[in-house]
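okay, structure incoming, though there's no sequence with it:
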């Protein structure tokens, strides 16, 4: 069952504004960058639908012309991968495709403003609370690393599970 966010329109590529005072480009870049991150969180929340979740963890990898996006959730102290939130395979595929497309847009914005492209993006959103984002810019799962984005995501999920067990 696709939902509204999945029908969102592609936005025009973000372009630096012309004839703006020095320093205003940074604000425009940051706004465009943050808008994509907010869109990823909104996508994850809409994917969760009526399933009440406490936390959303978003993982993105942009490395060696390969993109990977996925998420996992916490509900009542339990870590849930996407397929435990929504079991409909076409919806899961659409969710992953849209998230991946947003990573492509993130890279485009970085290149448009001549900024470094993060190789890894880890976002933790506390529902009704704050957002914590961690970026990496060096190689994480490129060729020769022996790690895939799925391995990194799995390791992060296991780390969150261990942390939750300590507090429960």
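Arrived safely, thanks for sending. Quick caveat, the model's predicted, so the values are computed rather than measured.

which residue, neighbours along the chain excluded, lies closest to the most centrally placed residue in the chain?
Centroid check for the chain by C-alpha atoms, centre = their mean gives residue 58 as the closest residue, at 4.4 Å. Using C-beta to C-beta, 6 or more residues apart in numbering and skipping residues adjacent in sequence, the residue nearest residue 58 is residue 123, 4.0 Å away. Where you see a C-beta, it was placed from the backbone N, CA and C, and this is true even at glycine.

then residue 109?
residue 32 (4.8 Å).

and residue 106, helix, strand or coil?
helix (DSSP: H, G, I helix; E, B strand; the rest coil).

my bad, should have said residue 102
Following three-state DSSP, the label given to residue 102 is helix.

burial of it, as a residue count?
For residue 102, the number of neighbouring residues by other C-beta atoms under 10 Å comes to 21.

average model confidence for stretch 140-151?
Mean pLDDT, computed over stretch 140-151, is 87.

ends of it, what's the gap?
Start and end residues of stretch 140-151 are separated by 11 Å (C-alpha to C-alpha, to the nearest Å).

who touches it?
Under the contact criterion C-beta atoms under 8 Å, 6 or more residues apart in numbering, stretch 140-151 has outside partners 59, 61, 63, 64, 66, 68, 70, 119, 120, 139, 152.

for the residue nearest to the fourth one when sequence neighbours are not counted, grab phi and psi.
Distances taken as C-beta to C-beta, 6+ apart put residue 142 closest to residue 64, at 4.8 Å, once the chain neighbours are dropped. Note on residue 142: its backbone torsions stand at phi -70, psi 180 [degrees, to the nearest 10].

against residue 64, how distant is residue 147?
Separation of residue 147 from residue 64 (C-beta to C-beta, to the nearest Å): 13 Å.

those two: which has the busier surroundings?
residue 147 (14 against 11).

would it be right to say that that one lies in a strand?
No - according to three-state DSSP, residue 147 belongs to no strand; its state is coil.

can you pull out the strands in the chain?
Listed from the start of the chain, the chain has strands (DSSP state E) covering 55-63, 66-75, 78-81, 120-126, 131-136.

for these, which one sits closest to residue 109?
Across the strands of the chain, residue 109 has its closest neighbour in strand 55-63 (11.6 Å, C-beta to C-beta).
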